[in-house]
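*Asks:* Show me the folded form of this:
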Amino acid sequence: MEFGWINLFGAVIVILMLIPNIVYAVKNKSEQNLCTNRFMNVIEQLGRYACIVLMWFPLLVWRFGFESKLDMILYLAGNGIFLAVYWIVFARYLKEKNAKRALILAILPSCIFLMSGLLLRHWLLAGFAVLFAVGHIYVTEKNAQAL
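*Replies:* You can find the predicted model right below:
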């Protein structure tokens, strides 16, 4: 299966990841980022926004699609499982914040972005997923110390 210039599956995945984050931001307007490492904050944000765009937009990819049906099944099933777990952990985190749940919520989107990049052979997405993972996990760990 090949995509045109837009991956609608990727766009839906991003939207489904953003919904709980928007709910959280609305409920916790006064929450501050406690991470004082500017470099890691920049790495996190650069990785985040690059991954969000590259999930649906095939920048620098000549053939945007899957090598096999198995890759497509792994992409859909893997992202479905990661998203379901993400939503379950997020619901629990909203009820009771703790460092373990915060860390899981940092790792799962990184896994979604990395797996998507690898299965789509979208190496720019995979690279930014690693960058995002490093920054997001670091920043989350620093913020979780206050929980």
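*Asks:* where does the residue most central in space within the chain land in three-state SS?
*Replies:* Centroid-nearest residue in the chain, with C-alpha atoms, centre = their mean: Pro109, separated by 2.8 Å. Following DSSP: H, G, I helix; E, B strand; the rest coil, we place Pro109 in the helix state.
*Asks:* pretty sure it is touching Val85, no?
*Replies:* No. Pro109 is beyond contact range of Val85, at 11.1 Å (criterion: C-beta atoms under 8 Å). Glycine gets a C-beta too; all of them are placed from N, C-alpha and C.
*Asks:* Tell me the spatial nearest neighbour of Tyr75, not counting adjacent residues.
*Replies:* Leu119 (4.6 Å; C-beta to C-beta, 6 or more residues apart in numbering).
*Asks:* quick one: pLDDT of that neighbour?
*Replies:* As predicted, Leu119 sits at a pLDDT of 93.
*Asks:* now swap in Phe57 and tell me
*Replies:* So Phe57 comes in at 85 (pLDDT).
*Asks:* Pull the contacting residues for the nearest residue to Leu59 once chain neighbours are set aside.
*Replies:* In space, and not counting its chain neighbours, Leu59 is closest to Leu124: 6.2 Å by C-beta to C-beta, 6+ apart. Contacts for Leu124 (C-beta atoms under 8 Å, 6 or more residues apart in numbering) come out as Ala50, Leu54, Leu59, Leu60, Val61, Gly117.
*Asks:* before we move on, the earlier item: show the contacting residues for the residue nearest to the centre of the chain.
*Replies:* Contacts of Pro109 (C-beta under 8 Å, 6+ apart): Met17, Cys51, Tyr86, Phe132, His136.
*Asks:* Low-confidence ranges, the protein, go.
*Replies:* In the predicted model, the chain carries pLDDT under 70 at residues 1-5, 62-64.
*Asks:* May I see the buried residues of stretch 126-133?
*Replies:* Ala126, Gly127, Phe128, Ala129, Leu131, Phe132, Ala133 (16 or more other C-beta atoms under 10 Å).
*Asks:* about what we covered before: dump the contacts of Pro109 to a markdown table, plus distance to Glu31.
*Replies:* Converted to a markdown table, the contacts of Pro109 look like this (distance: C-beta to C-beta, whole Å):
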| residue | distance to Glu31 |
| --- | --- |
| Met17 | 19 |
| Cys51 | 22 |
| Tyr86 | 19 |
| Phe132 | 20 |
| His136 | 16 |
